[in-house]
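Asks: Predicted structure and sequence below. I'll ask about it afterward.
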Amino acid sequence: MQALDIKLLRDFKRLWKQALAIALVLACGVAILLMGLGMYTALSDTRATYYERNRFADVFVTIQRAPQRLAAELAAIEGVWAVETRTAGNTVLDVPGSLVSVTGRILSLPPDTVPRLNVPILKTGRLPNPTATDEVMVNANFAIANGFELGDVFYANLNGRKRKLTITGTAQSPEFIYTIGPGALMPDNATFGIIWMPEPAVAAAFDMTGAFNDVALKLTANAREAEVIDAVDTLLEPYGSLGAYGRALHSSDGFIDAEIKQLRNMASVLPPIFFGISAFLVSMVMGRIITLERSQIGLFKAIGYSDVEICLHYLMLAALIAIVGIAIGWGVGAWMARVLAVEYARYFDFPFLIFRTSPWVYAASGMAALLTTTLGAAQAAIRAARLAPAIAMQPPAPPQFKRSILDRAMSVLRLSQPTVMILRSVIRWPLRSGLTMLGLALAVATIVTPYSFNYVLNKMIDSAFYDANRQDAILIMAQDVPLSVLSAAADLPAVLQTEGQQVHPVILRSGVREKRTALQASPPDTDLTRIIDIDGGHITVPPGGVVLAERLATQLNVGVGDRVEAQLLGGRRETHTLTVTGLVAQYIGLGAYIDLDYINGLLRQSPQISMVNVSLDVADINALHADLKDIPALVGIVMMTDARRAFSDTIEQNIGVMNLVYITIALLITIGVTYNGARIQLSERSRELASLRILGFTRAEVSYILIGETMLLSLLAQPLGWWIGAQISIAMTNSFSSDLYSMPAVLPPALFARASFVVLLASLASVLLVRRRLDKQNLVSAMKIRE
Amino acid sequence: MPQRIFRTVGITKVYQTGEVKVFALAGVDLELFEGEMTVLLGPSGSGKSTLLNILGGLDHVTDGHVWFRETELTTLSDRGLTRYRRDHVGFVFQFYNLVPSLTARENVQLVTDVSPDPMPATEALTLVGLGNRMDHFPAEMSGGEQQRVAIARAIAKRPEVLLCDEPTGALDSKTGVQVLEVLRDINERLGTTTVIITHNADIRRMAHRVVQFQDGKISEVSINKTRLDPAEIVW
């Protein structure tokens, strides 16, 4: 080994604490890049393969009832490769042993074969006998969650009759990777299941013999989705089509897509921040090393080492730090990816997970880390190489301090000399001070931004699920029912209060603009569901018009007093012109609200409702569930109280984990910045501080200079950190806001206080670690060190 | 007649600090010969170190010409000067300039790693009497020992010239004598042209030639008819 390489390794060994502090920050970047890119590839590859193998459809449409002959016409549409027609419907299930009400989505299986599209994968058992009327296959997770074995039975309300169904097999389907029940907030495999039944049995149950109400289409490679959707809509319009839509609006695919996008964003936003901070730290440490080794550099040149050899020598030191960071990052990243994969398995129902972090992901993350670290060291290394040998051999000139306006201020304030030393040093190296502050500010922002999302989520959940929807359960009816159902519902056990609501799928139009949404009709002064604006105000819908969510009004380009055309997609499928009587600012949804009596009048029908909101007495809830299982008119029950609790629990759990991760990251950044900064200061000032000790300063007074500068910069970094954190939060809430959400930026003072507390404490701890070295300083030898 | 190894013609070196111009060298003409031991003498700031740095290819002249044998150093690029230092010159400094993280042997290897025809590091260290201290770090050695490591490092490349800037400046008299003995030994046994800068007027008496500096110029050149043994030098 060459002598210069030996020096390199020994230097690295000597600097290991500083190197580790930097390597850990770098490792964060590498790990997140590896995990983000790795899981991004894993998830997109898995999805693509699953969709391909099991022929996941491209276009979907629900209709009221279309004759079977239309299947051939659908297949004839240009760009359509395959058509699958079926009957689908929701129903309430009675699962023996289960206290709660369960909703099932029933899908018909073609008579003599497996479906052509959205092909289910048989996990256990067999497909139901095509002629049997009591055999079903269920999704595997539903079976697991309810403890079903093959041959077990449960009951379903089918066409007004309670039928006993036997499980012959379990399956997974590309349609239901993310399975979420009607009205639910999160997947719950215990209370929502997919049930595949032979076509004749389903057709009989839903009165669909010779007809279908659900279509999936697979398109040819060069088909244009929009054109196919138009053609499908035109063809199915007379049969009560709710409008065809592509994968983009498919709920299961939509959730996975959002997750994939989030991973990609994470992999592209966070790592550069870590790499930037590492580069800064490396440049700071290398700059100091080169100052300290000035005369050695002169010597290397005198001996005959070339500029390139010297430059490489110092770049290699930075590369060693990078290698440690990369190794840690790879290890942690691979582990995090595994943890995340397990987490995904909880929410996403994939039959397999293609998880091979490809070598290029490792290579890319490693190269990125190596490159940024080298770039960070480049300036210092080039400075070393450019040092003129004769000058390098001489001690460096003392840094130039100039009098500034601040000096006048300092003399007016009669600051102590140590304080003056601190302030001068901060001003003398503005770039270094600035970057140190920026690094610490980013640490603060690292806590502020994710924590602000806790507040945002809480606010949105409070508004949507506690203020606006206060019902304990929603009973969803198979079709519109007379208002008298309310009194029947009130007679059910545990029910304290009932309110009816009508919901219509609708297309709202204004000029060329149109938007699909749901028109919610309620009587005035409801208590269980209310229209709440973002200020918490309670809005009443005046009869004679429609109230729109602001986001919806903007998209339709209408204001109060304007008129919109409402094409109702259900029931009588009529089109009415409605006057916009009000706008309401809301966080979630594209709500359109109308008075119940007014719409019943428009539709020339006796008062009707399609769902019942109820408040419940928890004590009698089991009796209620038992009764609900026997009400044939019900197609679904949403237990809002349970859903809220499960949702909040999950969010809290996830947020808890994420907060821990972000605090760890903030700590690593803070320690990386302050520990290195303080070490460099100590090295630069050791003679100065020893001189002060010899002059009679106490240890505490000398420590003050060392700690003072670091803590001053930390304090100054706080407002900047708050500002950066707030800006990122605002930018992120804006970017998350979509058709469906508008996220508020919630930034209470407690948020900033918490972030500052963590960062200031970590700064102090790091600088105190360095301060201990001051105690060990040998005054005589410190004075003898030749600069 | 020994061959001429260095020739300088009218070299000046001006340092500009702020508005002030300092003439470190103000027109120096000098010739140095193969195998010779020359002492450069003069007060601080008289230009000795500047001349040594220029001869060693560490610094550039402001004006004038310097030749090493047939090569004009003043026309060489930085790359050329690096090559020149690597192949021909050994340096010894007042403060030894050892790399603290390398042992004596490894400090010498720094040179042998990059020289075309070096002697083994062990041989160089044995030559300076440190055969038994090779694996010690600088911090474990006395000043005299450290300076001898520096000399071993300088001679390990078998340089044609050995340039020593105050080699005994940081040493007490006893260790100073030891170092001077090593330098004389190298000069005599290997025939290495040696240039020594010193403040100590007595050291001049061990040289073949003495060049006196005053205010950036050569004030006097004298030749010692009889040379003193280092042991006889009084500090």
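Replies: Yep, it's here. Residues are numbered from 1 along each chain as shown, chains lettered A, B, ... in the order given.

Asks: tell me the SS of A:Q586?
Replies: coil (DSSP: H, G, I helix; E, B strand; the rest coil).

Asks: The host helix or strand of A:I256 vs chain B: in contact?
Replies: Secondary structure assignment for A:I256, by DSSP states H and E: helix A:251-292. No. Residues of helix A:251-292 are not located near chain B by CB under 8 Å from any CB of the partner chain, the shortest gap being 10.3 Å. Every C-beta, even on glycine, is put in place using the N, C-alpha and C of the backbone.

Asks: Does anything pack onto that helix? Which helices or strands?
Replies: helix A:16-53, helix A:307-347, helix A:359-386, helix A:430-461, helix A:640-695 (3 or more CB pairs under 8 Å, 6 or more residues apart in numbering or on different chains; DSSP states H and E).

Asks: Adding mean neighbour count and mean pLDDT, write the ones you listed out as TSV.
Replies: TSV is the format used below for these (neighbours: other CB atoms under 10 Å in any protein chain shown; pLDDT from 0 to 100):
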stretch	mean neighbour count	mean pLDDT
helix A:16-53	22	90
helix A:307-347	19	90
helix A:359-386	20	92
helix A:430-461	21	88
helix A:640-695	18	83
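
Asks: would JSON lines of these with distance to B:G64 be doable?
Replies: Below are the helices and strands packed on helix A:251-292 laid out as JSON lines (distance: least, CB to CB, whole Å):
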{"stretch": "helix A:16-53", "distance to B:G64": "46"}
{"stretch": "helix A:307-347", "distance to B:G64": "25"}
{"stretch": "helix A:359-386", "distance to B:G64": "25"}
{"stretch": "helix A:430-461", "distance to B:G64": "40"}
{"stretch": "helix A:640-695", "distance to B:G64": "39"}
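
Asks: how about those helices, which one is nearest chain B?
Replies: With CB to the nearest CB, the closest approach to chain B among the helices and strands packed on helix A:251-292 belongs to helix A:307-347: 7.1 Å.

Asks: pLDDT weak spots in chain B?
Replies: Residues of chain B meeting the criterion pLDDT under 70: B:1, B:235.

Asks: how far away is A:M732 from chain B?
Replies: Separation of A:M732 from chain B (CB to the nearest CB, to the nearest Å): 47 Å.

Asks: meant to ask about A:R55
Replies: The gap separating A:R55 from chain B is 66 Å, by CB to the nearest CB.

Asks: and that residue, backbone torsions?
Replies: phi 50, psi 60 (degrees, to the nearest 10).

Asks: and the residue of chain B nearest chain A?
Replies: Proximity to chain A, evaluated over chain B using CB to the nearest CB, is greatest for B:R86 at 2.5 Å.

Asks: follow-up on the earlier one: got a markdown table for the helices and strands packed on helix A:251-292, with distance to chain B too?
Replies: Below are the helices and strands packed on helix A:251-292 laid out as a markdown table (distance: least, CB to the nearest CB, whole Å):
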| stretch | distance to chain B |
| --- | --- |
| helix A:16-53 | 13 |
| helix A:307-347 | 7 |
| helix A:359-386 | 9 |
| helix A:430-461 | 23 |
| helix A:640-695 | 14 |
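
Asks: for these, which one sits closest to A:V92?
Replies: Comparison of the helices and strands packed on helix A:251-292 against A:V92 by CB to CB identifies helix A:640-695 as nearest, at 15.6 Å.

Asks: And the biggest helix by length in chain B, what does it pack against?
Replies: The longest helix of chain B (DSSP state H) is helix B:173-190. Helices and strands touching helix B:173-190, by 3+ CB pairs under 8 Å, 6+ apart, are strand B:37-41, helix B:121-127, helix B:143-155, strand B:161-165, strand B:193-198.

Asks: what lines up beside the first one in the sheet?
Replies: Sheet pairing of strand B:37-41 (DSSP bridges) gives strand B:193-198 (parallel), strand B:209-214 (parallel).

Asks: Need these in JSON lines (columns: distance to A:F275 and mean neighbour count).
Replies: Shown next, in JSON lines, are the strands paired with strand B:37-41 (distance: least, CB to CB, whole Å; neighbours: other CB atoms under 10 Å in any protein chain shown):
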{"stretch": "strand B:193-198", "distance to A:F275": "49", "mean neighbour count": "25"}
{"stretch": "strand B:209-214", "distance to A:F275": "54", "mean neighbour count": "19"}
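
Asks: wait, which of the ones you listed is closest to A:T373?
Replies: Proximity to A:T373 (CB to CB) singles out strand B:193-198 among the strands paired with strand B:37-41, at 42.0 Å.
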